[in-house]
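Undergrad: One predicted model, sequence on top.
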Number of protein chains: 2
Amino acid sequence: MDSRSSDILWGRNAVREALRGRRKVHRLWVASGAQGEAIVRELEDVATSGGRNTTLPLVSRVEEVELEELAGSLDHQGVAAGVSPYPYEDAAVILQEADLVLALDRVQDPQNLGAVVRTAEEARAAVVIPRHRAAEVTPAVVRASAGASEHARVSRVRNLADFLSDAKRTGFWVYGAEADATTTYTDPDYADKTILVVGSEGTGLGERVRKECDLLISIPLRGRMGSLNVSVAAGILLFEAVRQRDVREARGAGGPSPGGP
Amino acid sequence: MDSRSSDILWGRNAVREALRGRRKVHRLWVASGAQGEAIVRELEDVATSGGRNTTLPLVSRVEEVELEELAGSLDHQGVAAGVSPYPYEDAAVILQEADLVLALDRVQDPQNLGAVVRTAEEARAAVVIPRHRAAEVTPAVVRASAGASEHARVSRVRNLADFLSDAKRTGFWVYGAEADATTTYTDPDYADKTILVVGSEGTGLGERVRKECDLLISIPLRGRMGSLNVSVAAGILLFEAVRQRDVREARGAGGPSPGGP
């Protein structure tokens, strides 16, 4: 799936969660001195308490400037890790196993992708991104997700519209977020298998993606700007689906509703 | 209120919204060349169509490197503006006029403050921040808010716990977000005048602030990390209040509910 044999992650959350997560961690580099000591103790605790690893991989003490070079960033917080490539999931597996999915159409900003992945993980939603003209799960995205990417389910697909078409055939309802949609996002019933599609900040949903949506929904905005950050919009939509499902569960109506939109 | 006589804003959204907003715009600097021409045309449209200004202030053409120096950032997008200081509102006025307020306890990251301000503006909520040990509305915050700060109501208070105490006396209910609160955020009725308090990512709410809350609430998280970005959490809480009020309005029950939490 990926030609690179490894990534270099950086930042304390990113490295800690990689140790707790699914990737192979080959190597650690930590800042020499007191800061490095504290980091190594923290990571040892992680490695030996419930993590998948039982010991730390090879740890090298390096100078700040070497960490900056390894990370390609000033934002390393004293630690970097060499890890196997990001474990994207097969979209077919997501369609079989997930019941809440967030699809991102043309979101190119790594900060936004990271924030969305972090939020989706807390809503127990899988994330689907296109393989082209979109951010992928780079080390900067891992950092922006505060390491949540290491536990999240993320799939890359060749074409998002085709994926949505497949999803509908396997029983998903597809809701696309558009600023001028007349249906408020709180109106649909998200009890069934649900895909929420959110587009880029600049251009919204692509034409083919829009056409694959069963229903277009909007968050009613009352401000002068008329737009939200994509990760905030995704959070509001995802946790509305979670809220509805929790309400349903509390009422004991457990199963899926008879109809969709 | 502020010893600086002016700020320098940068970025297209920031400068455009400043022209539409409440500050005095003294001066504009734009990149020389084609990019600058396009920016000036866009800003002229803004200035002459419904903005508070009817003509652009003095425009100077400058080289990229001068813009970088003016902005103190590489992220200027070809434009900077000299503007009067940020127009913070008096907390007493907010307590009189607002019915939804987001209070931020010790949020220090300008990106997070900017994202929160943007979200609050779209929920028509005022924002209250402490004067010390917290981010204020700097040009970087304006940029991170995509310019929404120029329309948002933001107040700085000397002490957040004292402000909450005052607010309760004027009829507000105060809800503090805490990860381990047993009350889910969807349970309270936010029909009355409501303050939502969100703390910093690292340390949550301060002790005195927590004590001033009528009720502590949490967003039920299902992920491995157990936390959300502060702007995403604020968005979920604010739009739950908006949702409840919209439902109430649609039912024709207009007025405030008889009780609080």
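TA: That came through, no problem. These numbers were taken from a predicted model, which means no experiment stands behind them. Residues are numbered from 1 along each chain as shown, chains lettered A, B, ... in the order given.
Undergrad: Phi, psi for A:V65 please.
TA: phi -70, psi -30 (degrees, to the nearest 10).
Undergrad: I'd like to know how many residues surround it.
TA: 8 (other C-beta atoms under 10 Å in any protein chain shown). C-beta here means a position set from N, CA and C on the backbone, and glycine is covered the same way.
Undergrad: For the stretch 1-150 of chain A, which residues are neighbours of chain B?
TA: A:17, A:20, A:115, A:118-119, A:121-124, A:146-148 (C-beta under 8 Å from any C-beta of the partner chain).
Undergrad: In helices, which of those residues fall?
TA: A:17, A:20, A:115, A:118-119, A:121-122 (DSSP state H).
Undergrad: OK, contacts around A:R12?
TA: Listed by C-beta atoms under 8 Å, 6 or more residues apart in numbering or on different chains, the contact set of A:R12 reads A:39, A:42, A:77-79.
Undergrad: and the gap between the closest residue to A:R153 other than its chain neighbours and A:V157?
TA: Counting by C-beta to C-beta, 6 or more residues apart in numbering or on different chains, A:R153 lies nearest to A:A126, which is 4.1 Å off, once chain neighbours are set aside. In this view, A:A126 and A:V157 are 12 Å apart by C-beta to C-beta, to the nearest Å.
Undergrad: hmm, who's touching stretch A:24-39?
TA: So stretch A:24-39 is contacted by A:6, A:12, A:15, A:18-19, A:40, A:43, A:53, A:56-64, A:66-67, A:70, A:78-84 (C-beta under 8 Å, 6+ apart).
Undergrad: residue ranges with poor pLDDT in the stretch 101-250 of chain A?
TA: A:202 (pLDDT under 70).
Undergrad: And the strands in it, which stretches?
TA: In the stretch 101-250 of chain A, the strands defined using DSSP state E, counting those that start in this stretch lie at A:126-130, A:154-157, A:173-177, A:183-184, A:194-199, A:215-218.
Undergrad: What strands flank the second one, and is each parallel or antiparallel?
TA: If I follow you right, that is strand A:154-157. Counting by DSSP bridges, the strands paired with strand A:154-157 are strand A:126-130 (parallel).
Undergrad: Residues touching the partner strand, excluding its own?
TA: So strand A:126-130 is in contact with A:89, A:91, A:94, A:98, A:100-107, A:113, A:116-117, A:120, A:135-136, A:152-160, A:163, A:195, going by C-beta under 8 Å, 6+ apart.
Undergrad: which of the residues you listed count as buried?
TA: A:89, A:91, A:94, A:98, A:100-107, A:113, A:116-117, A:120, A:135-136, A:152-157, A:160, A:163, A:195 (16 or more other C-beta atoms under 10 Å in any protein chain shown).
Undergrad: Okay, and which of those residues map to helices?
TA: Per DSSP H, those map to helices at A:91, A:94, A:113, A:116-117, A:120, A:160, A:163.
Undergrad: Counting neighbours, which of the contacts of stretch A:24-39 end up buried?
TA: Buried members of these, scored by 16+ other C-beta under 10 Å, are A:6, A:12, A:15, A:18-19, A:40, A:43, A:53, A:56-57, A:59, A:62, A:66-67, A:70, A:78-84.
Undergrad: OK, contacts around A:E150?
TA: With the criterion set at C-beta under 8 Å, 6+ apart, A:E150 makes contact with A:14, A:17-18, A:20-23, A:142.
Undergrad: Most neighbours out of those, which is it?
TA: Highest count within these by other C-beta under 10 Å belongs to A:A14, 32 neighbours.
Undergrad: That residue: what secondary structure?
TA: helix (DSSP: H, G, I helix; E, B strand; the rest coil).
Undergrad: Hmm, it is touching A:P139, no?
TA: Yes - assessed by C-beta atoms under 8 Å, A:A14 is found in contact with A:P139 at 7.1 Å.
Undergrad: possible to save the strands of the stretch 101-250 of chain A as CSV with distance to A:N229?
TA: Formatted as CSV, those follow (distance: least, C-beta to C-beta, whole Å):
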stretch, distance to A:N229
strand A:126-130, 16
strand A:154-157, 20
strand A:173-177, 13
strand A:183-184, 19
strand A:194-199, 11
strand A:215-218, 15
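Undergrad: Nearest approach to B:E201 belongs to which of the ones you listed?
TA: B:E201 lies closest to strand A:126-130 among these, at 21.2 Å (C-beta to C-beta).
Undergrad: for the closest one, the distance to its chain's centre please.
TA: 8 Å (C-alpha atoms, centre = their mean, to the nearest Å).
Undergrad: That strand to strand A:194-199, inter-axis angle?
TA: 40 degrees (axes from the mean of the first three to the mean of the last three C-alpha atoms, to 10 degrees).
Undergrad: check contacts around the residue lying closest to A:S218 once chain neighbours are set aside.
TA: In this structure, A:S218 finds its nearest non-sequential neighbour in A:A181, 4.0 Å apart by C-beta to C-beta, 6+ apart. A:A181 makes contacts with A:216-218, as judged by C-beta under 8 Å, 6+ apart.
Undergrad: which one of these is nearest A:R245?
TA: So of these, ranked by how close each gets to A:R245 (C-beta to C-beta), first place is A:I217, at 16.6 Å.
Undergrad: List the residues that contact the closest one.
TA: For A:I217, the contact set (C-beta under 8 Å, 6+ apart) comprises A:175-178, A:181, A:183-185, A:187-188, A:237.
Undergrad: Please list the residues of the stretch 151-261 of chain A that sit near chain B.
TA: Neighbours of chain B within the stretch 151-261 of chain A, by C-beta under 8 Å from any C-beta: A:151-152, A:184, A:186, A:219-229, A:231-233, A:235-236, A:239-240, A:242-243, A:246-247.
Undergrad: Looking at those residues, which are in helices?
TA: Of the positions in those, A:231-233, A:235-236, A:239-240, A:242-243, A:246-247 sit in helices, assigned by DSSP H.
Undergrad: Quick one: buried ones out of these?
TA: A:231-233, A:235-236, A:239-240, A:242-243.
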